[in-house]
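Asker: task: produce atomic coordinates for the following.
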Amino acid sequence: MNELEALTEEQRSQLLKVRRRVIESIGKNMDLYGITLSIGYLYGNMYFNREPVTLDEMSQTMGMSKTSMSTGMRTLHDLKMINKVWGKGSRKDLYEVVPDWHQNFVDYFSIKWRKAVEQNMSALKRSLKEVDELMVQYETDLSMKQLLESDKEKIQEALAYYRWLDRLIDSFETGEIYEFIPKEE
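Answerer: Numbers count the residues shown, from 1 in each chain. Model (predicted):
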């Protein structure tokens, strides 16, 4: 028996109203971070489930196609916000929410930030190498050399920022960040 079926119509209506507000809030919050509103709603709906669910069940609950649901589930799984779990007697994949919002935040931003840091540091290092080569080429051209030295300094400042950001990501992944900003219990 579905847990909502045991409630009166009024109780169910009141409960669903409260849940809907939370689900909308979760969806809007996730939308701010670049996750589509529908995937945010999917996570919000799954958050209130006490048992793991199948794609079919979530598709029916949300009125989304199975293809859209599969894409949403894959996105949430890739972001480590849901887990695929085993269910006795079920041949279908079951999914459940990872309810630790702190860990969800850490996983999501670590994935995004780490990728950006790697891409940007690679571009900056390549540019720094080219500046060094140009400095050798224009060793006797004082105005060009001054411009190149200024550019080199700016690139080195940017690299220092990305090394700091890399350490910040490490502090999230190791949990060290919570020594400075503790979780509320």
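
Asker: tell me the helix or strand right after the lengthiest helix in the chain.
Answerer: When the chain is scanned for its longest helix (criterion: DSSP state H), the result is helix 101-137. Toward the C-terminus, helix 101-137 is succeeded by helix 142-174 as the next helix or strand (DSSP states H and E).

Asker: after that following helix, which helix or strand is next?
Answerer: Following helix 142-174 in sequence, per DSSP H and E, is helix 177-180.

Asker: can you mark which positions in that next one are buried?
Answerer: residue 177 (16 or more other Cβ atoms under 10 Å). (C-beta placed from N, C-alpha, C; glycine too.)

Asker: quick one: contacts of it?
Answerer: When contacts are defined by Cβ atoms under 8 Å, 6 or more residues apart in numbering, helix 177-180 is touched by residues 102, 168, 171.

Asker: any chance of those in a markdown table, plus neighbour count and distance to residue 125?
Answerer: A markdown table is the format used below for those (neighbours: other Cβ atoms under 10 Å; distance: Cβ to Cβ, whole Å):
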| residue | neighbour count | distance to residue 125 |
| --- | --- | --- |
| 102 | 13 | 33 |
| 168 | 16 | 20 |
| 171 | 15 | 23 |
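
Asker: and of these, the nearest to residue 145?
Answerer: Ranked by distance to residue 145 (Cβ to Cβ), the contacts of helix 177-180 are led by residue 168 at 34.9 Å.

Asker: give me the pLDDT value at the closest one.
Answerer: As predicted, residue 168 sits at a pLDDT of 96.

Asker: what about it, distance to residue 156?
Answerer: In this view, residue 168 and residue 156 are 19 Å apart by Cβ to Cβ, to the nearest Å.

Asker: that older thread, tabulate the contacts of helix 177-180 (CSV), appending distance to residue 48.
Answerer: CSV is the format used below for the contacts of helix 177-180 (distance: Cβ to Cβ, whole Å):
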residue, distance to residue 48
102, 19
168, 32
171, 32
